[in-house]
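> quick one: sequence and predicted model below, then my questions.
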Amino acid sequence: MRLHLHLVSDSTGETLESVAKAGLAQFEDVETIKHFWPLVRSKGHLDRVLMDIASRPGLVLFTLVNADMRSHLEARCRAMGLPAVGVLDPVIEGLQAVLGQRAAARPGRQHQMDEAYFRRVAAIDYTMNHDDGQGADNWEEADILLIGVSRTSKTPTSIYLANRGYKTANLPLVPTSRPPEQLFRLSKPMVVGLTTNPDRLVQVRRNRLLSLAQAPETAYVDMDEVTKEVAAARRLCADNSWPVIDVSRRSIEESAAAIINLYNERAEARANGSAA
């Protein structure tokens, strides 16, 4: 089945894209043609968008906070017999009911350059400069430090966490060398080990070697050696009471969510300890 999907936003459209992606993931055999319309803030602009929608009819998802713009879009879509869904409406209505106040109709307010925005920028900058064991001298500035053997998704998980505002460093564990001493003296960052199933790890590493046109049969992909490597990394974490996340069947988002939960639990425990 083919679907024309029109995403109409008065801001950047990131929210719409995320919602559309999550929704489409629940359906099989759908060929989706997305039409992305960000920063639609005038009736003239909206009319041009509606002309394209009329020529390529389909589902319309929108985030428009201006009441007149919304009404215009909804009326025109009804006239064309097309569904138009305001994806944030249920959330905003629920918040209004609980908070007892009306929402401020300001487009893109979530993208303002506030404290959280600058925290994310700083986190991304820190994380990019502390990838793959770099910058050990100032690991103490990190919120989270990920450790694990090669190809356990440390870098992509670090970048995802940075985009959530967490300064994240990562360190590969190499069988032939001891980790830097700074790792064992950290007090502020939460150290988390990432591990995976040796069978899956061998497959990932083998594919990596093939993509680089390197010899596919080395100790790096030897099952016995890899099993020992993974076991040694787990022991290191156990000896130092560092939590371990198994990423074998987790997406990057799921691994990051588990790490954030651990981080919040640790922060709460420390706060309760201070209060006591």
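Everything's here; your move.
> tell me where the stretch 101-250 of the chain has helices.
Along the stretch 101-250 of the chain, counting by DSSP state H, counting those that start in this stretch, helices occupy 115-128, 154-163, 198-211, 223-239.
> let me have those in a markdown table, extended by mean pLDDT, distance to Leu183 and mean neighbour count.
Every C-beta, even on glycine, is put in place using the N, C-alpha and C of the backbone. Converted to a markdown table, these look like this (pLDDT from 0 to 100; distance: least, Cβ to Cβ, whole Å; neighbours: other Cβ atoms under 10 Å):
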| stretch | mean pLDDT | distance to Leu183 | mean neighbour count |
| --- | --- | --- | --- |
| helix 115-128 | 87 | 17 | 15 |
| helix 154-163 | 94 | 14 | 22 |
| helix 198-211 | 92 | 22 | 15 |
| helix 223-239 | 97 | 9 | 15 |
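> right, and those - which one's nearest Lys188?
helix 115-128 (12.9 Å; Cβ to Cβ).
> and that closest one with helix 154-163, angle?
160 degrees (axes from the mean of the first three to the mean of the last three Cα atoms, to 10 degrees).
> measure Pro172 to Glu115 for me?
Distance, Pro172 to Glu115, using Cβ to Cβ, to the nearest Å: 33 Å.
> tell me which of the helices of the stretch 101-250 of the chain sits nearest to Ser248.
helix 198-211 (5.5 Å).
> ok, and what's touching the closest one?
With Cβ atoms under 8 Å, 6 or more residues apart in numbering as the test, helix 198-211 has contacts from 149-152, 196, 215-216, 218, 220-223, 226-227, 230, 248.
> quick revisit: now the helices of the stretch 101-250 of the chain in TSV, with distance to Ser71?
Below are the helices of the stretch 101-250 of the chain laid out as TSV (distance: least, Cβ to Cβ, whole Å):
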stretch	distance to Ser71
helix 115-128	32
helix 154-163	35
helix 198-211	52
helix 223-239	57
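> show me the one of those helices that comes nearest Arg102.
Closest among the helices of the stretch 101-250 of the chain, once you apply Cβ to Cβ, is helix 115-128, at 23.2 Å.
> name the helices or strands packed onto that closest one?
Packed against helix 115-128, as judged by 3 or more Cβ pairs under 8 Å, 6 or more residues apart in numbering; DSSP states H and E, are the following elements: helix 154-163, strand 168-172.
> let's see it at 6 Å
Judged by 3 or more Cβ pairs under 6 Å, 6 or more residues apart in numbering; DSSP states H and E, helix 115-128 is in contact with helix 154-163.
> ok, the nearest residue to Cys237 once chain neighbours are set aside - contacts?
Nearest residue to Cys237 in three dimensions, chain neighbours excluded: Gly193, at 3.8 Å (Cβ to Cβ, 6 or more residues apart in numbering). For Gly193, the contact set (Cβ atoms under 6 Å, 6 or more residues apart in numbering) comprises 147-148, 237, 242, 244.
> the residues you listed in strands, which ones?
Secondary structure defined by DSSP state E assigns 147-148, 244 of the contacts of Gly193 to strands.
> low-confidence ranges in the chain?
Applying pLDDT under 70 to the chain flags the ranges 103-114, 274-276.
> spatially central residue in it, please.
In the chain, the centroid-proximal residue (Cα atoms, centre = their mean) is Tyr160; its distance is 4.6 Å.
> give me the nearest residue to that residue, chain neighbours excluded.
Nearest residue to Tyr160 in three dimensions, chain neighbours excluded: Ala256, at 4.6 Å (Cβ to Cβ, 6+ apart).
> could you do Gly81 as well?
In space, Gly81 is closest to Pro57, 8.0 Å off (Cβ to Cβ, 6+ apart).
> returning to what we had before: wait, doesn't the residue nearest to Tyr160 sit right on Ser158?
No - look at Ala256 against Ser158 with Cβ atoms under 6 Å: they stay out of range, at 9.1 Å.
> burial count for the residue nearest to Gly81?
Neighbourhood size, Pro57 [other Cβ atoms under 10 Å]: 13.
> returning to that earlier point: partner residues bridging the residue nearest to Cys237?
Ile147, Val244 (DSSP bridges).
> can you tell me how far it sits from Ala257?
Gly193 sits 17 Å away from Ala257, going by Cβ to Cβ.
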